[in-house]
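**Student:** No letters, just coordinates:
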Ligand SMILES: [Zn+2]
């Protein structure tokens, strides 16, 4: 069996993958082989050499459904062949399509102004299931079909396996430099005001919201423990593009104070790869090493600035740069399950079907995705409701909840005209909700 297919079957089985020792699961369309297995997932033509990588490999809308779950390939029927249950719903190819971002290598010409595949162009969005981790739902179906063949296995009770409270630090300070003071003066705030901003203690800087964020995170970690929850701060160390502004130094007093605070709260520090590094992933290694030197910590976690991991194959260079865990995999344009799963999954390269050692932690929700006019444009109540529904899905699937809130969106200062002012309130409401579960 192809290692990617084998990995996906294990991934679908989840905690129950040990049942593979007691039962035989096949993936073939060759009927003469069916008798060898307890259960066969009948392979559609997706992986055929003449189909894979061609327009023929793309699922057509509207999708069929199998037991209420959208199905990308195969048919929604099961047939007994003697003692073998044949499942014609090709949940392996369907899961592979979603987990590998296969459609992004088929549709290279579809990218937004930052070179990202637009969430609203994605199959999960167009087919109306971006809010459902359907790969996890396939796992539940597979376990059910195995039970029909007489294999004894239990369905895990709903629970959030792990909560990652993550924060991308794009702009740690509002005004801690002469450049910032000059900007304020030019904005007509007056030189006296600008100098007052510059001289005020760090804790008074409107963007330095880390004492508040870390105390919110601590509430969750205090309740759930570090095994089930982690605070994770992604810091930038590079990038010359205008999208990488403001550049900040972690060696200067403000940056050093931030690192000290994060260390004292036992938060994990990760690399926020720059916009430049998104365009040229060869830069990631240097940025990672730089952060390692400054922070004195091993840096193994990454998230791209602007969530701008562009082409699926770029992840080869992320892995080569020494990153073991990536948290980029969500769409900025719409919150939900970009990879079709809420569970951490090894990255599979759709160009060569190689199963890598890099783990992808799907991003569940980012603050500005909910509020920005060009993204979801939700009100506070709508955003709160949508987040609760995503949390329920993660819980049902036994997955990980990865939340991304920026330090500047929870600032009390109105960032700019039209920006939502409720992200602080929403973050507090969601952490309260998590404490109740
Ligand atoms: Zn960023």
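**Tutor:** Everything's here; your move. These numbers come from a predicted model, not from an experiment. Numbers count the residues shown, from 1 in each chain.

**Student:** and the residue in the chain positioned nearest to the ion, what pLDDT?
**Tutor:** Proximity of the chain to the ion (CB to the ion) peaks at residue 305, 3.7 Å away. C-betas here are computed from N, CA, C, even on glycine. In this model, residue 305 is scored at 98, pLDDT.

**Student:** Also residue 415?
**Tutor:** Residue 415 is given a pLDDT of 61.

**Student:** Please apply the same query to the one 10 residues further on.
**Tutor:** At residue 425 the predicted local confidence, pLDDT, stands at 96.

**Student:** do the one 4 residues further on as well
**Tutor:** The model reports residue 429 with a pLDDT of 98.

**Student:** Just the buried residues of the helix or strand hosting it, please?
**Tutor:** Using DSSP states H and E, the element containing residue 429 is helix 423-436. By neighbour count with 16 or more other CB atoms under 10 Å, helix 423-436 contains the buried residues 423-424, 426-427, 429-431, 434.

**Student:** before we move on, what about stretch 235-243?
**Tutor:** Neighbour count says stretch 235-243 has 235-239, 243 buried, by 16+ other CB under 10 Å.

**Student:** wait, which of these is closest to residue 264?
**Tutor:** residue 235 (15.8 Å; CB to CB).

**Student:** who touches the closest one in this structure?
**Tutor:** For residue 235, the contact set (CB atoms under 8 Å, 6 or more residues apart in numbering) comprises 169, 250, 269-272, 291, 295.

**Student:** how about these, which pair is most distant?
**Tutor:** 250 and 270 (13.2 Å).

**Student:** Which of the two has more residues huddled nearby?
**Tutor:** residue 270 (26 against 21; other CB atoms under 10 Å).

**Student:** Helix, strand or coil: sort out the more buried one for me.
**Tutor:** The assignment at residue 270 comes out as strand when based on DSSP: H, G, I helix; E, B strand; the rest coil.

**Student:** Give me the pLDDT for the nearest residue to it once chain neighbours are set aside.
**Tutor:** In space, and not counting its chain neighbours, residue 270 is closest to residue 301: 3.3 Å by CB to CB, 6 or more residues apart in numbering. On pLDDT, residue 301 comes in at 98.

**Student:** tell me how far the longest helix anywhere in the chain is from the chain's mean position?
**Tutor:** In the chain, with assignment by DSSP state H, the single longest helix is helix 380-397. Relative to its chain's centre, helix 380-397 lies at 15 Å (CA atoms, centre = their mean, to the nearest Å).

**Student:** and what of stretch 238-252?
**Tutor:** Using CA atoms, centre = their mean, the offset of stretch 238-252 from its chain centre is 24 Å.

**Student:** Would it count as contacting the ion?
**Tutor:** No - Stretch 238-252 is not in contact with the ion by CB under 5 Å from the ion; minimum separation 8.9 Å.
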